[in-house]
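J.: Just a sequence and a predicted model for now, questions to come.
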Amino acid sequence: MKSSIDYGNLMHRAMRGLIREVLEDVAKNGLPGEHHFFITFDTTHADVEMAQWLSERYPSDMTVVMQHWYENLDVGDDGFSVTLNFGDAPEPLYIPYDAIKTFVDPSVEFGLRFETQDDEDPPLAALPDEDDTDDEDKPAAHDAEVVSLDSFRK
């Protein structure tokens with residue numbers, strides 16, 4: 001029998017389920033209105049699938065944008081795959097939900113940040129300019145409400 005309830009991990013699982021549900025709706029119906037997503041993920045996660053040149057360019061984490069152009073969004077139980085455009089080079093990605101560090105929809109000032117016990121107050125992901133949504137080198141400031149779930153952990 002457990003000595004305590006692990007609320008932190010329960011919340012992480014629930015919030016990743018929320019992301020899956022949102023992406024399932026987008027896969028079926030497209031992005032509504034002005035909604036768009038900035039998703040930062042751990043590129044070193046064992047189950048991440050991405051082109052070698054992207055792995056070399058982003059050796060620890062990467063922020064991708066789903067807004068104007070994306071294809072082949074396929075949402076599964078453990079992660080999702082999507083093809084995004086990187087400087088006129090379409091590249092398929094597979095991102096497990098466990099690899100996601102932040103999920104932000106700046107159109108409604110919504111954001112989630114997933115932390116591990118090893119993190120020492122990591123910065124929020126740099127958000128690309130909306131005019132150049134696939135260029136990770138041009139950060140722009142966007143306000144979003146971020147829910148840090150580790151405050152529930154012991």
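T.: Perfect, thanks for sending it. Numbers count the residues shown, from 1 in each chain.

J.: Glu56 - that's part of a helix, no?
T.: Yes. The assignment for Glu56 by DSSP: H, G, I helix; E, B strand; the rest coil puts it in a helix.

J.: In stretch 83-96, which residues are buried?
T.: Leu84, Phe86, Glu91, Leu93, Tyr94, Ile95, Pro96 (16 or more other C-beta atoms under 10 Å). In this view, the C-beta of every residue, glycine as well, is placed from N, C-alpha and C.

J.: roughly how far is it from the heart of the chain?
T.: 14 Å (C-alpha atoms, centre = their mean, to the nearest Å).

J.: Who does Val64 form a beta bridge with?
T.: Assessed by DSSP bridges, Val64 has beta-bridge partners Ile39.

J.: and it, what does it touch?
T.: Neighbouring residues of Val64 by C-beta atoms under 8 Å, 6 or more residues apart in numbering: Phe38, Ile39, Phe41, Val82, Leu84, Leu93, Ile95.

J.: what's the distance between the closest residue to the first one other than its chain neighbours and Thr63?
T.: Setting aside the residues directly before and after it, Phe38 is nearest to Val104 in space (C-beta to C-beta, 6 or more residues apart in numbering), at 4.4 Å. From Val104 across to Thr63, the span is 9 Å (C-beta to C-beta, to the nearest Å).
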